[in-house]
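J.: Kindly return the folded structure for what I paste below:
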Amino acid sequence: MTLRRSPSTADVAKTPAIGRVAAVLAAAAVLIFAPGIAQAAFKSSTSGSTSASTLKLATPTASQVTSTCNNSTLVITLKTPVTGANYHQLIVKDKSSAVVYTGDLNTSNHWTYTLNNTYNGQNGNYTFQIRGQYHVPSSSNIWTGSPYTKIIGC
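T.: The predicted structure is shown next:
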């Protein structure tokens, strides 16, 4: 009976020791540096534009707004527009905090709102707020600034 070695064992036996060491080192190098190879594959980049933006509207100041109440008539006027705004929202509340008016000062009698308070029977303090807004054209998006708030007695 003759014993024979398998071909793989014979090949290993014929490979010099230095070749086996080199093969082990090469395999170790591939395993160690494989993450670096993978990272290098994803280093390309691309760019594009985004549609996000921000808008900061100023708060109206006391010097931009006048309010008077004479002979039971409340008059509120925005003298100068809020920078960047294309709409100037006015909210007026009576002494019970019920909203008497909400609207745009741009279209309400040329930046002046007038309320004859005998019309609704409410004498006393009125609170109003004016704020600049930017209504984005062809969109339902609205940028809104902080309000200027004042209480006036009638």
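J.: Check which element follows the longest strand seen in the chain along the chain.
T.: In the chain, with assignment by DSSP state E, the single longest strand is strand 125-135. Proceeding N to C from strand 125-135, the next assigned helix or strand is strand 142-144, under DSSP states H and E.
J.: And the average pLDDT for that following strand is what?
T.: Strand 142-144 shows a mean pLDDT of 90.
J.: Repeat that for stretch 101-121.
T.: Rounded mean pLDDT across stretch 101-121 is 69.
J.: Can you list the low-confidence ranges for this protein?
T.: 1-17, 19, 27-45, 48-54, 107-110, 117-123 (pLDDT under 70).
J.: Helices of that one, residue ranges please.
T.: Per DSSP state H, the chain carries helices over the ranges 7-14, 17-41.
J.: okay, stretch 127-135 in CSV with CA atoms only?
T.: Provided in CSV are the C-alpha atoms of stretch 127-135 (Å, rounded to 0.1, in the frame of the first residue of the first chain):
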residue,chain,number,x,y,z
THR,A,127,-55.4,96.8,21.9
PHE,A,128,-53.9,96.7,18.4
GLN,A,129,-51.0,94.9,16.8
ILE,A,130,-49.2,95.7,13.6
ARG,A,131,-46.8,93.3,12.0
GLY,A,132,-45.0,93.1,8.7
GLN,A,133,-45.5,90.0,6.6
TYR,A,134,-44.2,88.8,3.3
HIS,A,135,-46.6,86.7,1.3
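J.: All good on my end, thank you.
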